[in-house]
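# Next comes the sequence, and after it the predicted model I'd like to discuss.
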Amino acid sequence: MSSNHRAPRALVVGASGISGQAVCRELVAQGWEVFGLSRSPRPLEGVTPVGADLLDPETLTRLAELKPETVFITTWMRMSTEAENIRVNRLAMANLLAALEPAGTVSHIALMTGLKHYLGPFEAYASGASADTPFHEEEPRIEIPNFYYAQEDELFASAERAGFTWSTHRAHTIVGFATGNAMNMALTLGAYAEICRATGEPFIFPGSETQWNGVTDVTDVDLLAEQMVWAAATPAAANTAFNITNGDVFRWRWMWRRIAEYFDVPWEGHNGEDRPLEPRMGSAAAAWDEIVSAHELVEPDLSRVASWWHTDSDLGRPIECFADMRRSRERGFDNNRISLESFRTAFDRYRAAGILPQR
């Protein structure tokens, strides 16, 4: 880039999360100037850290001074009920947008949401109110309160006030590499497989019969980042909601055996009853301590490696879940991934980083 042209400036909100880290990597690779906001900033190559709490407006006052042109929002806060999810995440979004609007520099905001847009919140699964698969972006909102809708409403109102465009990105289960972030199925399954190897237990599918037998898909985190950055720079993507999944589909009864083969552990599928991870992993920390010691791994705290509840929620759904990608292709984004390779690549990277054992 010549000295006469300044790099475009981006603010990534939730930069320490798995999706935020991927968006930062993609922006840096494309030559953007990147600021990464999180409550506890972590060093990311090429990213200027910004420490702030979305629930504390006083910590957000400097955002206008950064004069970001594009904002990528990849974070949410999990609460005990959907009513609290709505209240807290709406407030966080409102505080962020109120801090950004005075700058007058924002031209586009890309918001990551997910397929709960069609399914409803965790507590409403299997209520009969979800959309049909494959999910299409033009489906109306379902008649169940949802924190994604609250986030979007704040975004749409701010866009009207401030005159910027927006895009939303509905990801399915995220697969990919990140450090210091446990809400990640690939890393959770990798840790689970290594614990099974160490304890001699079989690698048991923890989800529902519907997920075991039904069609599903996942989202490679790097593909999500590619779509969000593409949308920010593409006029045809303005003011549009997009699904973002790998573009292929599979059944867990096919995928589970292949993941077990990667880790060389015996496995079991769904046997007629759900066997979620969280209630079965009470002694896992002790096994992880031994694995860390034997292989000199870099993260001794299992809670920073595996998120049992998060993987249970994804694999335990009692309904089929996969998305249509036609809208992206029609607008010019046709990037894709092979889901089995997304898992294998993530596992390889965790091994190389010393987070999972080398084999």
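Ah, there it is.

# what about the closest residue to residue 101 other than its chain neighbours, how many neighbours?
Nearest in space to residue 101, with sequence neighbours left out and distances taken as Cβ to Cβ, 6 or more residues apart in numbering, is residue 162 at 4.9 Å. Every C-beta, even on glycine, is put in place using the N, C-alpha and C of the backbone. Using other Cβ atoms under 10 Å, residue 162 has 17 other residues around it.

# Please report the distance of residue 162 from residue 172.
Separation of residue 162 from residue 172 (Cβ to Cβ, to the nearest Å): 30 Å.

# Equivalent analysis for residue 47, please.
26 Å.

# Straight-line length of stretch 209-219, end to end?
End-to-end span of stretch 209-219 (Cα to Cα, to the nearest Å): 21 Å.

# Flag every buried residue along it.
Buried residues in stretch 209-219, counted by 16 or more other Cβ atoms under 10 Å: 209-212, 214, 216-219.

# Backbone dihedrals for the residue nearest to residue 101, please?
Phi and psi for residue 162, reported as degrees, to the nearest 10, are phi -100, psi -10.

# got it, and residue 292?
Per-residue torsions, residue 292: phi -60, psi -50 (degrees, to the nearest 10).

# got the contact list for it?
Residues near residue 292 by Cβ atoms under 8 Å, 6 or more residues apart in numbering: 299-300.

# And for residue 95?
With contact taken as Cβ under 8 Å, 6+ apart, residue 95 is in contact with 54-57, 60.

# quick one: it is in a helix?
Yes. Judged by DSSP: H, G, I helix; E, B strand; the rest coil, residue 95 forms part of a helix.

# Give me the secondary structure label for residue 231.
Quick answer, by three-state DSSP: residue 231 is helix.

# Just the pLDDT for it.
Looking at residue 231, its pLDDT is 98.

# Let me know how buried it is, in neighbour terms.
Residues near residue 231, counting by other Cβ under 10 Å, number 26.

# which residues make contact with the strand or helix carrying residue 227 from outside it?
Secondary structure assignment for residue 227, by DSSP states H and E: helix 221-232. By Cβ under 8 Å, 6+ apart, the surrounding residues in contact with helix 221-232 are 10, 18-19, 22-23, 25-27, 30, 70, 72, 108, 110, 112, 167, 169, 171, 174-178, 237, 240, 242, 244, 246, 328, 332-333, 335-337.

# For that helix, list the C-alpha coordinates in CSV.
The C-alpha coordinates for helix 221-232 follow below in CSV (Å, rounded to 0.1, in the frame of the first residue of the first chain):
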residue,chain,number,x,y,z
VAL,A,221,-14.1,-19.8,12.1
ASP,A,222,-11.8,-18.6,9.3
LEU,A,223,-14.6,-18.8,6.8
LEU,A,224,-16.8,-16.7,9.1
ALA,A,225,-14.1,-14.1,9.3
GLU,A,226,-13.7,-14.1,5.5
GLN,A,227,-17.5,-13.5,5.1
MET,A,228,-17.6,-10.7,7.7
VAL,A,229,-14.7,-8.8,6.1
TRP,A,230,-16.1,-9.4,2.6
ALA,A,231,-19.5,-8.0,3.6
ALA,A,232,-17.9,-4.9,5.1
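
# and the angle from the helix or strand just after that helix to helix 221-232?
Using DSSP H and E, the next helix or strand after helix 221-232 towards the C-terminus is strand 240-244. Here the directions of strand 240-244 and helix 221-232 differ by 160 degrees (axes from the mean of the first three to the mean of the last three Cα atoms, to 10 degrees).

# From the rest of the structure, what touches strand 240-244?
Applying Cβ under 8 Å, 6+ apart, the set of residues contacting strand 240-244 from outside is 115, 135-137, 167-171, 219, 223-224, 227, 231, 323-325, 327-328, 331, 333.

# hey, where'd the helices end up in the protein?
18-29, 63-66, 82-100, 116-119, 147-162, 185-199, 209-213, 221-232, 252-263, 284-295, 308-315, 326-331, 339-352 (DSSP state H).

# Out of those, flag the one nearest residue 130.
Ranking those by proximity to residue 130 (Cβ to Cβ) places helix 116-119 first, at 4.7 Å.

# For stretch 200-212, give the mean pLDDT please.
Stretch 200-212 comes out at a mean pLDDT of 97.

# Show me how far that stretch is from its chain's centre.
22 Å (Cα atoms, centre = their mean, to the nearest Å).

# Low-confidence ranges, the protein, go.
1-5, 125-129, 182 (pLDDT under 70).

# Could you tell me which residues make contact with residue 110?
70-73, 166-169, 228-229, 231-232.

# what about it, distance to residue 259?
Relative to residue 259, and taking Cβ to Cβ, residue 110 is found at 31 Å.

# Equivalent analysis for residue 301, please.
For residue 301, the distance to residue 259 - Cβ to Cβ - is 23 Å.

# So for these two, which sits in the more crowded spot?
Neighbour totals were compared for residue 301 and residue 259, and residue 259 leads with 22 against 12 (other Cβ under 10 Å).

# show me the residues around residue 181 that make contact.
By Cβ under 8 Å, 6+ apart, the residues touching residue 181 are 16-18, 21.

# Pretty sure residue 24 sits against residue 47.
Yes. Counting by Cβ atoms under 8 Å, residue 24 touches residue 47, with 5.0 Å between them.

# can you list residues touching both of these two?
Shared contacts of residue 24 and residue 47 (Cβ under 8 Å, 6+ apart): 12, 15, 34, 36.
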